[in-house]
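S.K.: sequence first, predicted coordinates after that:
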Amino acid sequence: ITELEGELDASGLSVGIVLSRFNDLITGKLFDGALDTLMRHGASEDDVTVARVPGSFEIPQAAKRMAETGEYDAVIALGAVIRGETPHFEYVSNEATKGVAKATLDTDVPIAFGVLTTDTTEQAINRAGVKQGNKGSEAAESAIEMANLLSEF
Ligand SMILES: O=c1[nH]c(NC[C@H](O)[C@H](O)[C@H](O)CO)c([N+](=O)[O-])c(=O)[nH]1
């Protein structure tokens, strides 16, 4: 059996990060987690580019543009959509989710989904820190693995 699996080695990878500003107390921590994970796996800060967007609704367009440049081995989408404060929670979270998935397939560049969709701020905080893990860190690991897997096909 031939087994293909992406290594968790980020050395030499060029990575784009799309960082949503809405709920930036949360998304800032997602960013810290993602960057820490990229560095721990050997990425160089010189090979990381961050594009800031107003909110999660804008993530897909920026992520697609980044991926389309052909300059990145992977893109990481970071955002926080919290139902408690979002009258149109479904629309923002659904569009961000569908948009990132479509951009990944359209561009054939891995775009890791690090957009928190939670009912409460507390849940978001717990997923952006150390308690229940950091969604930004998890997204970074996925980005590294997928970038390396795709280069094996
Ligand atoms: O990223 C978020 N954007 C949110 N709205 C802004 C949206 O992403 C767009 O930036 C805005 O609609 C302008 O296009 C949120 N809420 O509405 O609460 C939210 O919780 N999270």
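M.R.: The structure has been received and is ready for your questions. Numbers count the residues shown, from 1 in each chain.
S.K.: tell me which parts of the chain are close to the ligand?
M.R.: 20, 22-23, 54-58, 79-82, 85-86, 92 (C-beta under 6 Å from any ligand atom). Where C-beta positions appear, they are placed from N, C-alpha and C, glycine not excepted.
S.K.: let's see it at 5 Å
M.R.: Within the chain, the positions near the ligand by C-beta under 5 Å from any ligand atom are 20, 22, 54-57, 79, 81-82, 85-86, 92.
S.K.: now those as a markdown table including neighbour count, pLDDT and distance to Gly6?
M.R.: Below are the residues of the chain next to the ligand laid out as a markdown table (neighbours: other C-beta atoms under 10 Å; pLDDT from 0 to 100; distance: C-beta to C-beta, whole Å):
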| residue | neighbour count | pLDDT | distance to Gly6 |
| --- | --- | --- | --- |
| Ser20 | 28 | 98 | 26 |
| Phe22 | 19 | 96 | 31 |
| Pro54 | 10 | 98 | 32 |
| Gly55 | 17 | 97 | 30 |
| Ser56 | 29 | 97 | 26 |
| Phe57 | 19 | 97 | 30 |
| Gly79 | 29 | 98 | 24 |
| Val81 | 28 | 96 | 28 |
| Ile82 | 22 | 94 | 31 |
| Glu85 | 11 | 69 | 36 |
| Thr86 | 17 | 68 | 34 |
| Val92 | 22 | 94 | 30 |
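S.K.: which strands and helices lie in contact with the helix or strand harbouring Ser93?
M.R.: Using DSSP states H and E, Ser93 maps to helix 89-107. The helices and strands touching helix 89-107, judged by 3 or more C-beta pairs under 8 Å, 6 or more residues apart in numbering; DSSP states H and E, are helix 59-68, strand 74-82, strand 111-118.
S.K.: which residues are in contact with the last one?
M.R.: By that I understand strand 111-118. Strand 111-118 has contacts (C-beta atoms under 8 Å, 6 or more residues apart in numbering) with 20, 26, 30, 34, 56, 59, 63, 67, 74-83, 89, 93, 96-97, 100-101, 103-104, 124, 127-128, 135-136, 138-140, 142-143, 146.
S.K.: thank you, goodbye.
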